[in-house]
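structure for the following, please:
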Amino acid sequence: MADTRTAGSADGGDSLMAATIERLVTSGTFSLGDDTFGVENNVWIIGDAEEAMVIDAAHDADIIAAAVGSRRLLAILCTHAHNDHIDAAPALSDRTGAPILLNRKDLDLWHRTHPDRVPDDEADDGRQLHVAGSRMTVRHTPGHSPGSVSVYDPALGTVFTGDTLFCGGPGATGHPFSDFGTIIDSIRERLLTLPPETAVCPGHGDTTTVGEEAKHQDEWLDRGY
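Numbers count the residues shown, from 1 in each chain. The predicted model follows:
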């Protein structure tokens, strides 16, 4: 488990909102085309003692369900549809009754992993998600995949970026359905415009901040991910 972050009242009141962020790290494989290799994924759980939401149900529905515990699971949000971020989503949904949310532009990728199952709802740009008094907004951040999204909560001071932005730079774009110029535009226009102290919680690896990553934009362009 990573360190837990707690948000203040979303409405500016004196009481503290109970929403916290928990991180699970699960292990499995990532496959695209002819390539398959081992990966570790961050599974983010936002909630309180009564309810929760999961961002990216990766690899092991049993482990994720155990972490959610007796809380009511309101949604399973997929930041994108690469198999390592969605492979456990249907099993977790079946177990908990929580709907699966995915941006419609990633449906082709989704069906490569789950040809006989469709997501329950759409993670459209601007959609607001509510859990444990927390109000999060979906931001479409394509480039790593056409339907990649990030989820921002100003009260928690956190953005969940999937594989769009990591500690150290943009997500990979050297595979089908991805584009380097698009991911750079998404990061610059939709993520680096957030307050610099905003915590960046990615789909893999360590957390960082918007301000820290903004320092290295020229390096990204030189490397040309």
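
residues contacting residue 146?
Under the criterion of Cβ atoms under 8 Å, 6 or more residues apart in numbering, the neighbours of residue 146 are 105-106, 109, 177. Heads up, the C-betas are built off the backbone N, CA and C, glycines and all.

residue 191 too?
Contact analysis of residue 191 by Cβ under 8 Å, 6+ apart lists 139, 141, 150, 159, 161, 164-165, 200, 210, 213.

for it, grab phi and psi.
Comment: the main-chain dihedrals of residue 191 come out as phi -120, psi -50, following degrees, to the nearest 10.

residue 68: neighbouring residues, count only.
Using other Cβ atoms under 10 Å as the criterion, residue 68 is surrounded by 22 other residues.

for it, which non-adjacent residue is spatially closest?
Beyond its immediate neighbours in the sequence, the residue positioned closest to residue 68 (Cβ to Cβ, 6 or more residues apart in numbering) is residue 52, lying 5.3 Å away.

sec struct for that neighbour, please.
The local conformation at residue 52, judged by DSSP: H, G, I helix; E, B strand; the rest coil, is strand.

so it makes contact with residue 129?
No. Here residue 52 does not reach residue 129: they are 11.8 Å apart, not a contact under Cβ atoms under 8 Å.

so those two - more neighbours on which side?
A direct count of neighbours by other Cβ under 10 Å for residue 52 and residue 129 places residue 52 higher, at 24 against 19.

dump the residue contacts of the more buried one.
Residue 52 is in contact with 45-46, 68, 71-74, 131-132, counting by Cβ under 8 Å, 6+ apart.

closest to residue 121 among those?
Checking the contacts of residue 52 against residue 121 by Cβ to Cβ gives residue 74 as the nearest, at 11.4 Å.

please, which helix or strand holds that closest one?
If you go by DSSP states H and E, residue 74 is part of strand 72-77.

which strands and helices lie in contact with the helix or strand just after that strand?
In the C-terminal direction, the helix or strand that comes right after strand 72-77 (DSSP H and E) is helix 83-86. Packing contacts for helix 83-86, counted by 3 or more Cβ pairs under 8 Å, 6 or more residues apart in numbering; DSSP states H and E, involve strand 20-32, strand 35-47, helix 107-113.

which SSE is immediately downstream of helix 83-86?
Along the chain past helix 83-86, the next helix or strand (assigned with DSSP H and E) turns out to be helix 89-96.

now that following helix, how far from the centre of its chain.
Computed by Cα atoms, centre = their mean, to the nearest Å, the chain-centroid distance of helix 89-96 equals 17 Å.

which elements pack onto the helix or strand just after that helix?
On the C-terminal side of helix 89-96, the closest following helix or strand by DSSP H and E is strand 100-102. Packing contacts for strand 100-102, counted by 3+ Cβ pairs under 8 Å, 6+ apart, involve strand 72-77, helix 89-96, strand 121-122.
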